[in-house]
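Student: Please work out how this folds:
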Amino acid sequence: MNSFEKTERVLRNYKNYKLATSINENTKLTKKFLIVIDTALKTIEHDPYYKVVELIYFKDLTREHVAEILNCDIKTVTRNKNKLINHLKTIIFSDDTIEELFHWNKIGSNFIFNIRVV
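Tutor: Have a look, this model is predicted:
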């Protein structure tokens with residue numbers, strides 16, 4: 001699973017993470033992770049399409065329904081959702097995005113840079 005997919009999964013489970021911290025005292029890691037997620041979300045909250053993230057990931061609406069609510073086409077919803085997820089992934093999963101960007105493989109404690117020839 002790449003960092004984009006991880007970010008989407010984290011956002012889809014955001015409400016569950018919040019719930020877990022309110023009913024379970026043994027959630028130190030989850031609480032720390034929620035701080036990272038909340039901090040990342042604050043960086044996009046003023047984006048004109050922030051509502052796309054809220055509606056798709058927190059309200060479980062389809063892209064079609066979101067397009068209808070925002071009075072725009074589905075391509076606009078998809079494009080802006082992807083833009084915002086790409087931004088969030090660099091904050092929430094920064095190490096993963098760097099590894100993906102440079103195609104690094106971790107071997108032991110060393111990183112090996114893979115050069116891809118096309």
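Student: Report all helices and strands that the one helix or strand residue 79 maps to contacts.
Tutor: Taking DSSP states H and E as the definition, residue 79 sits inside helix 74-92. Counting contacts by 3 or more C-beta pairs under 8 Å, 6 or more residues apart in numbering; DSSP states H and E, helix 74-92 packs against helix 3-12, helix 28-42, helix 50-53, helix 63-70, helix 94-102. The way it works is simple: take the backbone N, C-alpha and C, and place the C-beta from them, glycine included.
Student: go with 7 Å
Tutor: Applying 3 or more C-beta pairs under 7 Å, 6 or more residues apart in numbering; DSSP states H and E, we find helix 74-92 packed against helix 3-12, helix 28-42, helix 50-53, helix 63-70.
Student: mind checking how far the shortest one is from the chain centre?
Tutor: Going by C-alpha atoms, centre = their mean, to the nearest Å, the spacing between the C-alpha centre of helix 50-53 and its chain's C-alpha centre is 12 Å.
Student: Okay, buried residues for that helix please.
Tutor: For helix 50-53, a neighbour-count test (16 or more other C-beta atoms under 10 Å) marks 52-53 as buried.
Student: sorry, back to before: orientation of the helix holding residue 79 relative to helix 63-70 in degrees?
Tutor: Angle between the axes of helix 74-92 and helix 63-70 is 100 degrees (criterion: axes from the mean of the first three to the mean of the last three C-alpha atoms, to 10 degrees).
Student: got the buried residues for helix 74-92?
Tutor: 76-77, 80-81, 84-85, 88-92.
Student: Alpha carbons only: can I get stretch 52-59 in PDB?
Tutor: Taking C-alpha atoms only, stretch 52-59 is exported to PDB below (Å, rounded to 0.1, in the frame of the first residue of the first chain):
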ATOM      1  CA  VAL A  52     -14.400  17.500  -0.500                       C
ATOM      2  CA  VAL A  53     -12.200  15.700   2.100                       C
ATOM      3  CA  GLU A  54     -14.800  16.200   4.800                       C
ATOM      4  CA  LEU A  55     -17.700  14.900   2.700                       C
ATOM      5  CA  ILE A  56     -15.900  11.900   1.100                       C
ATOM      6  CA  TYR A  57     -13.900  10.700   4.100                       C
ATOM      7  CA  PHE A  58     -15.800  11.900   7.200                       C
ATOM      8  CA  LYS A  59     -19.400  11.700   5.800                       C
END
